[in-house]
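In: Return atomic coordinates for the entry below.
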Amino acid sequence: MGHAQVRLSVFPIRLERLDFTPNGRPVLAGLDLTLGGDGITLILGPNGAGKSVLLRILAGLERPHAGHIAWGGAGAPSGQIAMVFQHPMLLRTTVEQNTALGLRPLGLGRAEVRRRTAEVLERVGLAHRARDSARHLSGGERQRLALARAWAVRPRLLLLDEPTAALDPTASETVESIVREIRTDGAKVLMTTHNLGQAMRLADDIVFIEAGRVREHSPSARFFSRPLSQQARLFITGELPWRIAFHD
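Out: So this is what the prediction gives:
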């Protein structure tokens, strides 16, 4: 699925000293992070660390109370970001119409909308459900539909907030496969998860957040074998159901 139009790159994305303190409670506290445009980046950290808030700020759904985001040296991107939530919001209409929803702001012709919609539904395995009501889909199918809706936009940055947290292992495996395809198709993927096994399978690099700050950003293999921070070591040993030995 190629990109028909040339768009200014949103990368690198530089987040500088981001603060987010709703009702005086610090969620992000001087967060600094630089993201390149390739691969799958997994955001890990304990509950309340600020992972989901970070995604919502990048998606434009929240505004930081302090700090700055630089998008590839330009202003905020338009139409190049898509986000999928743990519990996606779907219209009470057909799978096909739900998929086409994100294409409306792009000003595409009807034929192009139909072509893109059919293509992504085929690629996520829902072409046979195109005329069915989205209400009749299983949890895994609903998440695949949400991914199809985001994929149809051809985003440069895809934000995924724990997209498999409510799914069984088989449905999770299918979602992971689709995420890899979207990455291969040219999107940068930034995803939160509490599943460290999933992070090991998917991630090219890991961002570890604790207390509203990035404590570590490193390639996945190095993060899991030689975490640099004590906070990351404690998190990994506390979350993994098996004993792990770090390489010093």
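In: Got the domain ranges for the protein?
Out: 11-80+155-240, 87-154 (automatic domain parsing).
In: Kindly reformat these as CSV containing mean neighbour count.
Out: C-betas here are computed from N, CA, C, even on glycine. Output for these, formatted as CSV (neighbours: other C-beta atoms under 10 Å):
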stretch, mean neighbour count
domain 11-80+155-240, 18
domain 87-154, 18
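In: And the helices in the protein, which stretches?
Out: For the chain, applying DSSP state H gives helices covering 51-58, 95-100, 110-123, 139-152, 169-184, 196-202, 220-225, 230-239.
In: Show residues contacting the second one.
Out: Same thing as helix 95-100. The contact list for helix 95-100 (C-beta atoms under 8 Å, 6 or more residues apart in numbering) reads 90-91, 113-114, 117, 120-121, 126, 129-134, 137, 145, 148-149, 152.
In: 10 Å instead?
Out: With contacts defined as C-beta atoms under 10 Å, 6 or more residues apart in numbering, helix 95-100 is touched by 88-94, 108, 110, 113-114, 116-121, 124, 126-134, 136-137, 141-142, 144-152.
In: how far out from the middle of the chain is it?
Out: Centre-to-centre, helix 95-100 and its host chain are 20 Å apart (C-alpha atoms, centre = their mean, to the nearest Å).
In: next one: the first one
Out: Per C-alpha atoms, centre = their mean, the displacement of helix 51-58 from the mean C-alpha position of its chain is 10 Å.
In: Could you do the longest one as well?
Out: Between the mean C-alpha location of helix 169-184 and the chain-wide mean there is a distance of 12 Å, by C-alpha atoms, centre = their mean.
In: swap in the last one?
Out: Taking C-alpha atoms, centre = their mean, one finds the center of helix 230-239 at 23 Å from the center of the full chain.
In: hang on, isn't A146 packed against L160?
Out: Yes. Counting by C-beta atoms under 10 Å, A146 touches L160, with 9.4 Å between them.
In: Run through the residues that contact G36.
Out: Contacts for G36 (C-beta under 10 Å, 6+ apart) come out as F11, P12, I13, K188, D204, D205.
In: my bad, should have said V27
Out: Neighbours of V27 in contact, by C-beta under 10 Å, 6+ apart: 18-21, 48-54, 62, 64-65, 211-212.
In: Mind doing that once more with 6 Å?
Out: F20, G50, V53, G212 (C-beta atoms under 6 Å, 6 or more residues apart in numbering).
In: need the helices of the chain in a markdown table with mean pLDDT, can you?
Out: Shown next, in a markdown table, are the helices of the chain (pLDDT from 0 to 100):
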| stretch | mean pLDDT |
| --- | --- |
| helix 51-58 | 97 |
| helix 95-100 | 97 |
| helix 110-123 | 97 |
| helix 139-152 | 97 |
| helix 169-184 | 97 |
| helix 196-202 | 96 |
| helix 220-225 | 95 |
| helix 230-239 | 88 |
